[in-house]
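Below are the sequence and a predicted model for it; my questions follow.
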Amino acid sequence: MQFNIGQLLFLTFIIHIIDTFAYSVRLNSVKSGQFALSTTFFSIFYLISLIAHTLQAPLLGGLMDRSLSQSIDPLPSIRKVIWVATAGTFFGIILTPTFLKNFFRAVNNLERTGSVSSVVIDALKFRTIRRFIETITLPSKEMVDQLPYHKIPTDLIVLNVLVTGIYTIGVMSAYYATLLVVAQHRLAASASAGIINTAANIIFMLFIDPKSSIITDQAYKGNRPYEDVKALVVMLMSAKLLGTLMGQVLLLPVANAIANIYK
C-alpha cells in the first residue's frame, strides 16, 4: 500500500472517535434495558474501527519505508498521527450526546425490524443523515455536573490512561524502532507491536473491564444509581483523552526499549 499521510490521519481519527463512542454504549444499555441489542449493534461500528486498524498498519509501514529510502526522520509525522488520535477522542466526547440519541433510535429500529442490514441501509439514507445533523447536541455543564465521581475507583482511571497511552503508540513505537536497529532486526522490531498491544489488552481485560462492568451491571439491575454509570463513562473518556496525550511522552521511550532488545 502506497503511503499517504492524509489517509493515515483519517483512519486514525475514525479509530479513536469510534473507540470513544464505545464507552457511551454502557449508558444506552442501562437506560434502555437493551443490553444485548446495544452490544450487538455497536459491534457493527467496531467493525469499522477494526477495518481502519487493518488499513492503518500498512500505511505506517509505508511511512517507515519512505523514511528509510529517503533518509527522512518520520518522527514529526508520527507525532501528528498521535495528535489526530487526541482530536478523534475529543470529537468523540463532544459528539457522545448526539451519538447516544441516534444510537438509541437505531437499536429500537433493530428490535422492531430484526434486521441489521435494514437498519444500516436506513442509516445511510439522506433523511437519516439530515436528522443526525439536526439532533447534534453538545455536552453541557448540566450533563456532567454533580455526578458522583468519588464512587469511581481512582486506580481504574489511572490504568485506563496508561493502557490508552500504550495502545495509541504501540504500533508506531514498534515501527519507529525499526530505524534504531540494524537491518537484520527490523522485521522483529516491527512485530513487537503485537506484544505491546497484547500487554495493554491484558491489563484492560484483567483490571479495567471487570470493574467497569460490575458498576454497569449493578446499575442495570437497579442496585446503584444511573448517575454512577454516567460518572464512570465521563471519567473513562477523560482518561482516554489523557492517554492519547501521554502517547506523545511514551512514543520514544517505548521505541528505544524495543530497539534495546534487538541490539
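Ah, there it is. Numbering: from 1, shown residues only.

Please count neighbours and contacts with C-alpha atoms only from this point.
Will do.

number of nearby residues for the residue nearest to L232 when sequence neighbours are not counted?
Counting by CA to CA, 6 or more residues apart in numbering, I152 is the residue found nearest to L232 once chain neighbours are left out, at 6.2 Å. I152: 19 surrounding residues under other CA atoms under 10 Å.

Could you check the pLDDT of I152?
Per-residue pLDDT puts I152 at 93.

Check F45 too.
75.

repeat for the one 3 residues further on
Taken from the predicted model, the pLDDT recorded for I48 is 83.

In what element of secondary structure is it found?
helix 35-70 (DSSP states H and E).

downstream neighbour of that helix in the secondary structure list?
helix 75-94.

What mean pLDDT does the following helix or strand past that following helix get?
The first helix or strand that comes after helix 75-94 along the chain, using DSSP H and E, is helix 96-113. Helix 96-113 carries an average pLDDT of 85.

residues of whichever helix or strand comes after helix 96-113 that come out buried?
The helix or strand immediately downstream of helix 96-113 is helix 116-123, counting by DSSP H and E. For helix 116-123, burial by neighbour count (16 or more other CA atoms under 10 Å) applies to V116, V119, A123.

returning to what we had before: please give me every residue in contact with the residue nearest to L232.
D228, A231, L232 (CA atoms under 8 Å, 6 or more residues apart in numbering).

swap in V25?
V25 neighbours (CA under 8 Å, 6+ apart): S38, T39, F42, L100.

Which one of those residues is nearest to Y176?
Among those, F42 lies closest to Y176 (CA to CA), at 32.9 Å.

if I look at the closest one, how far off is A174?
30 Å (CA to CA, to the nearest Å).

more neighbours, the two?
A direct count of neighbours by other CA under 10 Å for F42 and A174 places A174 higher, at 29 against 16.

Just the CA atoms of the helix or strand containing the more buried one, as CSV, please.
Assigned by DSSP H and E, A174 falls within helix 154-177. C-alpha atoms of helix 154-177 as CSV (Å, rounded to 0.1, in the frame of the first residue of the first chain):
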residue,chain,number,x,y,z
THR,A,154,-9.1,6.0,41.0
ASP,A,155,-6.9,3.1,40.0
LEU,A,156,-9.4,2.3,37.3
ILE,A,157,-8.9,5.7,35.7
VAL,A,158,-5.1,5.8,36.1
LEU,A,159,-4.8,2.4,34.5
ASN,A,160,-7.1,3.5,31.6
VAL,A,161,-4.8,6.4,31.0
LEU,A,162,-1.8,4.1,30.8
VAL,A,163,-3.5,1.5,28.7
THR,A,164,-4.7,4.1,26.2
GLY,A,165,-1.3,5.7,26.0
ILE,A,166,0.3,2.3,25.2
TYR,A,167,-2.5,1.3,22.8
THR,A,168,-2.2,4.7,21.0
ILE,A,169,1.6,4.4,20.2
GLY,A,170,2.1,0.6,20.3
VAL,A,171,2.4,0.1,16.5
MET,A,172,4.1,3.5,15.9
SER,A,173,6.8,2.9,18.6
ALA,A,174,7.5,-0.6,17.2
TYR,A,175,7.7,0.8,13.6
TYR,A,176,9.9,3.7,14.7
ALA,A,177,12.2,1.2,16.5
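
Where does pLDDT dip in the stretch 1-150 of the chain?
1-3 (pLDDT under 70).

Stretch 49-62: how far from the chain's middle?
14 Å (CA atoms, centre = their mean, to the nearest Å).

Next SSE downstream of the strand or helix carrying A219?
Assigned by DSSP H and E, A219 belongs to helix 209-220. Counting by DSSP H and E, the next helix or strand C-terminal to helix 209-220 is helix 226-261.

between that next one and helix 209-220, how many degrees?
Orientation of helix 226-261 against helix 209-220 (axes from the mean of the first three to the mean of the last three CA atoms, to 10 degrees) gives an angle of 170 degrees.
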